[in-house]
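Colleague: Sequence and predicted structure are below.
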There are 2 protein chains.
Amino acid sequence: MATISDVARTAGVSPATVSRVFNGGRVTAERAERVRRAAADLGFSPNRVARSLRMQRASVIGLLIPDIENPFFTSLARGVEDAAQRTNLSVVLCNTDEDVDKERRYLDIALAEQMAGVIVAAASRKRTDLSALAARGMPVVAVDRRPRAAAVDAVMVDNQHGGEDATAHLLERGYERIACITGPAGASTSEDRLAGYRAAMHEAGVSGEWTRAHTRHADFRVDGGYAAMRELLALRTPPDAVFVANNLMTVGALQALREAGAEPPEFGILSFGDVPWASLVRPPLTTVQLPSYDLGASAAALLQDRLAGSDKPLQTVVLRTVLRARASTAGPGGGGEPA
Amino acid sequence: MATISDVARTAGVSPATVSRVFNGGRVTAERAERVRRAAADLGFSPNRVARSLRMQRASVIGLLIPDIENPFFTSLARGVEDAAQRTNLSVVLCNTDEDVDKERRYLDIALAEQMAGVIVAAASRKRTDLSALAARGMPVVAVDRRPRAAAVDAVMVDNQHGGEDATAHLLERGYERIACITGPAGASTSEDRLAGYRAAMHEAGVSGEWTRAHTRHADFRVDGGYAAMRELLALRTPPDAVFVANNLMTVGALQALREAGAEPPEFGILSFGDVPWASLVRPPLTTVQLPSYDLGASAAALLQDRLAGSDKPLQTVVLRTVLRARASTAGPGGGGEPA
DNA sequence: GGGTATTGAGAAATCGATTTCACGGCGCTC
DNA sequence: GAGCGCCGTGAAATCGATTTCTCAATACCC
């Protein structure tokens, strides 16, 4: 591979001049042209490793997500990737597995590799620690989940609104005893979606006692949703509908419903976040659609802005959800056709 | 961040000695101890960028996959990642989108970033060109799909055996007019699975003419499977079962079946590759399970072997599939219970 | 005891880019 | 015409590690 010195020699100039040609220094047109031609002839492309060493910054950004097998995050990842590609940044995808230790290791790598910046969907609101990065001046953007007390840019979903919307929809369709399966206590996504549910229930005149008794915290995984749904069905006053706060738990909840012989839409079920292959589920599922791709794209844009040196005050971008009504919430009367 | 010189100064030795302590040179025990303590005190960890520049090789490997949203590939990616992490390699995940140009760009980046090696699930058997990497001596492992005429290590699935197994299973369950929806002509996975199907049909005494007339090539995507299934159902001699050569196309095929009022298991359907949330599909789907995780893990192991300097002759590892019989192929008589 | 291996350790070169510094040439001002 | 400032340029320093080269000290052999 040709180096900058090779180009310089071929063009009859110094390496400094070659560098200036490509990085916007002042060079006379005639020389610049000679350099460009030499570079083209030799197929020169600057060694990114050497550049990183000198610049103390790589052209790679890290993307830390808690679960690579969750389609929500893969879609988010695509958003980041597509946006990053436009400015020649590469993306390193790191799967933290909802594990704070694994996450910490990846954050250390990001520092050691001197990545240009990091986009994080934090594994834990309390225990994810971004201070080391901030201390080294590495730009960080939080996405989907905001780590507590970290002064970083963020791109969030309007979870509370989404939860409220979803619950209101269930009420409107005639369900009366609506339960909620949300994520781990302490996760901002869990809490906000739950808050939306509570607000809508309160608005409808349901007692706080009732909603509390019909709320379950699970782990955002399939099995957690399954267990929570079984618990709810075993209550003395079982629900006639459930608002499930993420897609994977919905899959588990559906399984539990099926085993118990409860069939949507007599029993209403609504998922926060698209369930992949939703069309295969019978009846089709009503979902709160998350702007996962845009979440990623916005986060990347925000990061690039910082990389370009912007010192605007910290920003938080909030994206709205869209309710997609399908047959799984057609109403306890039965009837409804797939959309 | 502490540098190697800081450590050297603190320990009262030269940077060379510090390097030797960490990279296995000969150093007296007493000095080595001093260095280690100094390094620990300062929280020293070597700058990977500087190391890469000097060593002319990064501790990053590239993983090029054609579709990050296909669970088969995300699972494969996890296999690679888990294996790589054990030797402190980071993985850069690149989504080529089945697009040869995008793939080429990523391969160029791999060269420019001086990645240690690359694992590729090629976008095209004919047009994926790995020769530039080979020329630069960069280790390459092909996974799942073997690019034609490239002299690289490879980890493959025994697709033909899987296809044969699947088809034999359908025959055994009493289906008689078995169709096949396979992937793009030219892709090794498509061709091999198809070959397995043909072999089993031939073995069962079905004419080659019949099987050819009931074979469709699609694009490994949902929509392709849908269209192909509709075509098959419109034939004068429609099939009573179908072997679909990948998971996404199966989703599409199911949709088409449903619209046509054909219900498994009267109409048998069998998917090559696990369909995520398979349990949600009614009836549960019989699948040929692919060792996606192990595919990734083996590929990473092979690559690490090369990185360690192994010059064994080129290897191809072939992993077997496992048939998982469920209710969707219970037989045209109806009846069968979910497994 | 003299001469040769062997070993440990530091000085310095190296990887390939960017960037500072110094300098010569040119144009402008008074 | 002397002085000041700007511009384009190349030489050299720099980033932080690894590795070669060199040398001194010790061990070993006859």
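Modeller: Happy to help now that I have it.
Colleague: use CA for all of it now, contacts and neighbours both
Modeller: Noted.
Colleague: quick one: low-confidence parts of the stretch 201-339 of chain A?
Modeller: Scanning the stretch 201-339 of chain A for pLDDT under 70 picks out the ranges A:276-280, A:282, A:334-339.
Colleague: What segments of the stretch 201-339 of chain A are strands?
Modeller: Assigned by DSSP state E, counting those that start in this stretch, the strands in the stretch 201-339 of chain A fall at A:215-217, A:241-244, A:268-272, A:286-289, A:316-319, A:322-324.
Colleague: Would you mind measuring from the residue in the stretch 151-300 of chain A that DNA strand C sits nearest to to DNA strand D?
Modeller: Distances between the stretch 151-300 of chain A and DNA strand C by Cα to the nearest atom of the strand are smallest at residue A:300, namely 22.9 Å. Distance, residue A:300 to DNA strand D, using Cα to the nearest atom of the strand, to the nearest Å: 27 Å.
Colleague: secondary structure element for the residue nearest to that residue when sequence neighbours are not counted?
Modeller: Nearest in space to residue A:300, with sequence neighbours left out and distances taken as Cα to Cα, 6 or more residues apart in numbering or on different chains, is residue A:80 at 5.3 Å. Take DSSP states H and E as the rule and residue A:80 turns out to sit in helix A:71-85.
Colleague: Return the set of buried residues in that helix.
Modeller: For helix A:71-85, the neighbour count (16 or more other Cα atoms under 10 Å in any protein chain shown) marks A:71-84 as buried.
Colleague: Pick out whichever of those residues sits closest to DNA strand C.
Modeller: residue A:84 (19.3 Å).
Colleague: How confident was the prediction at that closest one?
Modeller: Note for residue A:84: predicted pLDDT of 87.
Colleague: ok, back up a step: right, and the pair among the buried residues of helix A:71-85 with maximum separation?
Modeller: Largest separation among the buried residues of helix A:71-85 by Cα to Cα: A:71 and A:84, giving 19.7 Å.
Colleague: Now do the helix holding residue A:80 against helix B:71-85, angle only.
Modeller: Angle, helix A:71-85 to helix B:71-85, by axes from the mean of the first three to the mean of the last three Cα atoms, to 10 degrees: 70 degrees.
Colleague: So what's the residue count around residue A:88?
Modeller: By other Cα atoms under 10 Å in any protein chain shown, 11 other residues sit near residue A:88.
Colleague: phi, psi of the residue nearest to residue A:332 when sequence neighbours are not counted?
Modeller: Computed as Cα to Cα, 6+ apart, the closest residue to residue A:332 that is not its neighbour in sequence is residue A:266, at 4.1 Å. Here is the backbone geometry of residue A:266 (degrees, to the nearest 10): phi -60, psi -40.
Colleague: Pretty sure residue A:266 sits against residue A:333.
Modeller: Yes. Judged on Cα atoms under 8 Å, residue A:266 makes contact with residue A:333 at a distance of 6.3 Å.
Colleague: Let me see the domain layout of chain A.
Modeller: Here the domain parsing of chain A from automatic domain parsing is A:4-46, A:56-157+A:292-320, A:159-290+A:323-329.
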